[in-house]
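**Q** I would like to see how this sequence folds:
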Amino acid sequence: MKSFENKVAAVTGAGSGIGRALACALARQGCHLALADVNTDGLAETAAMARKLGVQVTETRVDVANRDAVHAWAEQVVLDHGRVNLVFNNAGVAHAGTVDGSDYSEYEWIMNINFWGVVYGTKAFLPHLKASGEGHVVNVSSVFGLFAQPGMSAYNATKFAVRGFTESLRQELDMEGCGVSASCVHPGGIRTNIAKTARMNDSLAKVTGQESSRARQQFNDQLLRTSPDKAAAVILRGVLRDSRRILIGADAWALDGMQRLLPTLYQRLVTTSMRLAAKFAPKPRAVEVSKATD
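**A** Presented below is the predicted three-dimensional model:
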C-alpha cells in the first residue's frame with residue numbers, strides 16, 4: 001500500500017488514545033473511516049473530529065470480545081463504505097497481578113479483549129481486505145509482547161499471543177500473494193488512559209512493594225512518555241513501508257534490544273531491579289486520627 005487516500009480503514013478502540021490518533025491521522029490523509037469502541041461518548045468525539053477533515057465516517061459501538069458483534073460490524077462496514085482496505089485491531093485493556101493472586105476470571109477477561117478481539121477482527125475483515133485487492137491488517141501488541149516482567153502475566157500472555165498470531169498470519173499472506181499484508185505493533189509507554197483504567201489486584205504489592213494505586217500512578221507519571229499522535233505517525237509509516245514489526249518509542253527499542261542480546265538473562269536483571277525498587281520504595285505513612293472531644 002503506497003497511500004491511504006480514498007482507502008477505507010476500520011479502527012477499534014477509536015474512542016481515545018492511539019485509536020483516536022490513528023483515526024485523525026488517517027483522515028488527514030484522505031482515508032475514510034469505520035470507527036468502533038465500547039465508549040460511545042469518546043467514539044462520538046473522535047468521529048466528529050474526523051468528519052471535520054472531510055472524509056466519510058461511520059461509528060459503531062462494538063465490544064471486540066463479542067465475535068458475532070465484530071463480524072456483524074465488518075459486514076456493515078462494507079455495506080456502508082463499499083469496501084474496506086485496512087483494519088487496525090487496536091482495542092485493548094491491561095491487568096496487573098501475580099499468577100498466584102489473579103483469578104481465572106481476570107485472565108479470561110483480558111484474553112477475551114486483547115487476544116480474541118484481535119482474532120475476531122482479523123478473521124471478520126480478512127475476506128473483505130482480500131476482496132478489495134489491496135489491504136493491510138494492523139494488530140497492536142505491546143513491548144510486553146516482546147519482554148516479560150513479574151506481575152504482568154495476564155497482559156504478557158495476551159500480547160505475546162497477538163505477536164505470534166500476527167507473525168504467522170503475515171507469513172501466510174506472503175505465501176498467498178493476495179495483495180494483503182500484516183504488521184504487528186509493539187508500543188512502549190504511550191500517554192493513554194490504559195494505566196488509569198487497568199485492573200490491578202492487591203497481589204501486585206508482592207513484586208512492586210507498593211499499593212496498586214501508587215504503582216498505577218508511578219507507571220503513569222514515569223513510563224508513559226510517547227504521545228498518541230507520535231505513535232499513530234510511526235504506525236502509519238510502518239504500514240506504508242510494509243514493516244513486519246513496528247516498534248514505538250525509545251523504550252520499546254531498548255527493551256527489544258535487551259531481549260535479543262540477553263534472551264534469558266534479562267529476566268534476572270528485571271527481578272533484581274524490582275527487588276531493589278521494592279526494598280527502597282517509600283512506605284505509606286500511618287495517619288493518626290484524633291478523636292473529637294466535647
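**Q** helices and strands around the top helix by length along the chain, which ones?
**A** The longest helix of the chain (DSSP state H) is helix 153-176. Packing partners of helix 153-176 (3 or more Cβ pairs under 8 Å, 6 or more residues apart in numbering; DSSP states H and E): strand 95-96, helix 104-110, helix 116-132, strand 135-140, strand 180-187. Heads up, the C-betas are built off the backbone N, CA and C, glycines and all.
**Q** Can you lay out the ones you listed as CSV showing mean neighbour count?
**A** Shown next, in CSV, are the helices and strands packed on helix 153-176 (neighbours: other Cβ atoms under 10 Å):
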stretch, mean neighbour count
strand 95-96, 25
helix 104-110, 14
helix 116-132, 21
strand 135-140, 25
strand 180-187, 25
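**Q** Any regions of the stretch 101-250 of the chain where pLDDT drops low?
**A** Residues of the stretch 101-250 of the chain meeting the criterion pLDDT under 70: 191-224.
**Q** The same query, at a cut-off of 80, please.
**A** For the stretch 101-250 of the chain, residues meeting the criterion pLDDT under 80 lie at 189-225.
**Q** and the longest helix of the chain with strand 180-187, angle?
**A** 150 degrees (axes from the mean of the first three to the mean of the last three Cα atoms, to 10 degrees).
**Q** Please identify the buried residues of helix 153-176?
**A** Of the residues in helix 153-176, 153-163, 165-167, 169-170, 173 count as buried by neighbour count, 16 or more other Cβ atoms under 10 Å.
**Q** Check stretch 57-65 too.
**A** Buried residues in stretch 57-65, counted by 16+ other Cβ under 10 Å: V57, T58, E59, T60, V62, D63, V64, A65.
**Q** for stretch 26-44, same thing?
**A** For stretch 26-44, the neighbour count (16+ other Cβ under 10 Å) marks 26-27, 29, 31-38, 42-43 as buried.
**Q** related to what we said a few turns ago, and the longest helix of the chain with strand 135-140, angle?
**A** Using the same axes, to 10 degrees: helix 153-176 against strand 135-140 is 160 degrees.
**Q** Put the alpha carbons of helix 153-176 into CSV.
**A** What follows is helix 153-176, C-alpha atoms only, in CSV (Å, rounded to 0.1, in the frame of the first residue of the first chain):
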residue,chain,number,x,y,z
SER,A,153,1.5,-12.4,33.4
ALA,A,154,-2.0,-11.9,32.1
TYR,A,155,-1.1,-8.9,30.0
ASN,A,156,2.1,-10.5,28.8
ALA,A,157,0.2,-13.6,27.8
THR,A,158,-2.2,-11.7,25.6
LYS,A,159,0.4,-9.6,23.9
PHE,A,160,2.8,-12.4,23.2
ALA,A,161,-0.2,-14.3,21.7
VAL,A,162,-1.0,-11.3,19.4
ARG,A,163,2.6,-11.3,18.3
GLY,A,164,2.6,-15.0,17.4
PHE,A,165,-0.8,-14.8,15.8
THR,A,166,0.2,-11.9,13.6
GLU,A,167,3.6,-13.1,12.6
SER,A,168,2.1,-16.4,11.5
LEU,A,169,-0.6,-14.5,9.6
ARG,A,170,2.0,-12.4,7.9
GLN,A,171,3.9,-15.4,6.6
GLU,A,172,0.7,-17.0,5.3
LEU,A,173,-0.2,-13.8,3.4
ASP,A,174,3.3,-13.6,2.0
MET,A,175,2.9,-17.1,0.7
GLU,A,176,-0.5,-16.5,-0.7
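**Q** Noted, bye for now.
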